[in-house]
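Asker: I would like the atomic coordinates for the input below:
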Amino acid sequence: MSVVSMKQLLEAGVHFGHQTRRWNPKMQSYIFTERNGIYIIDLQKTVRRLEEAYNFVRDLVADGGTLLFVGTKKQAQDTIEHEAGRCGMFYVNQRWLGGMLTNFSTIKTRVERLRELEALMETDQLSLLPKKEQRQLLHEKAKLEKYLKGIKDMSELPDAVYIVDPRRENIAVKEARRLEIPIVAIVDTNCDPDEIDYVIPGNDDAIRAVKLITSRLADAVLEGRQIAADRQAEAEEEAASGPLEEVPGDEGWVPEEEEGEGESAEAQDEEEPVVSALDS
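Answerer: The predicted structure is shown next:
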């Protein structure tokens, strides 16, 4: 069964590209036709490419990998947060801070600072400080939380990145490519598909289109998690059952020679068996 149907893509408006004067010629192979000055995306290719991306994400997560959801444009912010939360993955839906991937060690120090401030609020120690300092710390916490809450629990670099509108998120694309992190993305007719490992041709401006595609990738994460859980359960079951006991057999039995027969043939020899924007 297909990951998504043509009808669902049409209803969500995934086929609508940008105006013909705003396009990237590299997207030519993904364009079906032009209508009223708008490029129409070939949804048959969208179905195939989304299935490829789905399988990649599913297998990645089944093998213990992680996926970072990225979408900072207004049409994507709520969907990115909701779907990443639904499948238990990390996300960035506000401003992409330069160095989020390439300078991850610094980003982790800011996350630690956020944790310190959260602990301060929970213990009521903030009320013991002067009012001015309280306001400063509250402002700092709000700023850190706005940009980092989606990656607060991300202890290491993600194994892949999913991006809505790679043209807008060009810094995220450059950082992922520099670190050779695979990129899955919704690629509209004004984007460069050569920068993306798993291209999903589609409308990256319509809320319904973004939600449909993003939800399918979140489903892929959930399926991958289920596969991993099933594998773990099978491994535990095998470990609990222990090694099979050897049942005495006839392996060592040699038939007696009948009268008149010569010596038995000699046994053959066995063959040898031949991995800083926050401070501004």
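
Asker: pLDDT below threshold where in this structure?
Answerer: For the chain, applying pLDDT under 70 flags the ranges 1, 242-280.

Asker: so which elements touch the longest helix along it?
Answerer: Secondary structure of the chain per DSSP state H: the longest helix is helix 207-241. Counting contacts by 3 or more Cβ pairs under 8 Å, 6 or more residues apart in numbering; DSSP states H and E, helix 207-241 packs against helix 6-12, helix 43-62, strand 67-70, helix 74-87, strand 160-164, strand 183-187. C-betas here are computed from N, CA, C, even on glycine.

Asker: if you set the cut-off to 10 Å instead, what comes out?
Answerer: Applying 3 or more Cβ pairs under 10 Å, 6 or more residues apart in numbering; DSSP states H and E, we find helix 207-241 packed against helix 6-12, helix 43-62, strand 67-70, helix 74-87, strand 160-164, strand 183-187, strand 198-201.

Asker: show me what the spatially most central residue of the chain is bridged to.
Answerer: What sits nearest the mean C-alpha location of the chain, by Cα atoms, centre = their mean, is L67, with 2.5 Å. With DSSP bridges as the criterion, L67 is bridged to A160.

Asker: surely it meets R225?
Answerer: No - L67 lies out of contact with R225 (Cβ atoms under 10 Å); the separation is 11.1 Å.

Asker: which neighbours do the two share?
Answerer: Common neighbours of L67 and R225, using Cβ atoms under 10 Å, 6 or more residues apart in numbering, are 61, 87, 89.

Asker: can I get these in a markdown table with distance to T33 and neighbour count?
Answerer: Converted to a markdown table, those look like this (distance: Cβ to Cβ, whole Å; neighbours: other Cβ atoms under 10 Å):
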| residue | distance to T33 | neighbour count |
| --- | --- | --- |
| V61 | 36 | 25 |
| C87 | 35 | 20 |
| M89 | 36 | 23 |
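
Asker: give me the domain ranges for the chain.
Answerer: 6-101+157-230, 103-154 (automatic domain parsing).

Asker: point out the most buried one among these.
Answerer: domain 6-101+157-230 (a mean of 19; mean count of other Cβ atoms under 10 Å).

Asker: end to end on it, go ahead and measure it.
Answerer: 32 Å (Cα to Cα, to the nearest Å).

Asker: repeat that for stretch 95-103.
Answerer: Termini of stretch 95-103 sit 16 Å apart (Cα to Cα).

Asker: hmm, who's touching that stretch?
Answerer: 68, 70-72, 92, 105-107, 110, 146-148, 151, 154, 157-158, 161, 163, 168-179, 181, 276-278, 280.

Asker: hmm, 8 Å instead?
Answerer: Under the contact criterion Cβ atoms under 8 Å, 6 or more residues apart in numbering, stretch 95-103 has outside partners 70, 72, 92, 106-107, 147, 151, 157, 161, 169, 171-172, 175-176, 178-179, 181, 276-278.

Asker: separation between the nearest residue to Y30 once chain neighbours are set aside and R58?
Answerer: Leaving aside its sequence neighbours, Y30 sits nearest to P201 (Cβ to Cβ, 6 or more residues apart in numbering; 3.9 Å). Look at P201 and R58: by Cβ to Cβ, to the nearest Å, they are 20 Å apart.

Asker: and if you look at E34?
Answerer: For E34, the distance to R58 - Cβ to Cβ - is 35 Å.

Asker: I200: what's it in contact with?
Answerer: The contact partners of I200, by Cβ under 8 Å, 6+ apart, come to 46, 49-50, 53, 184-187, 213.

Asker: run the chain-centre distance for stretch 42-54.
Answerer: 17 Å (Cα atoms, centre = their mean, to the nearest Å).
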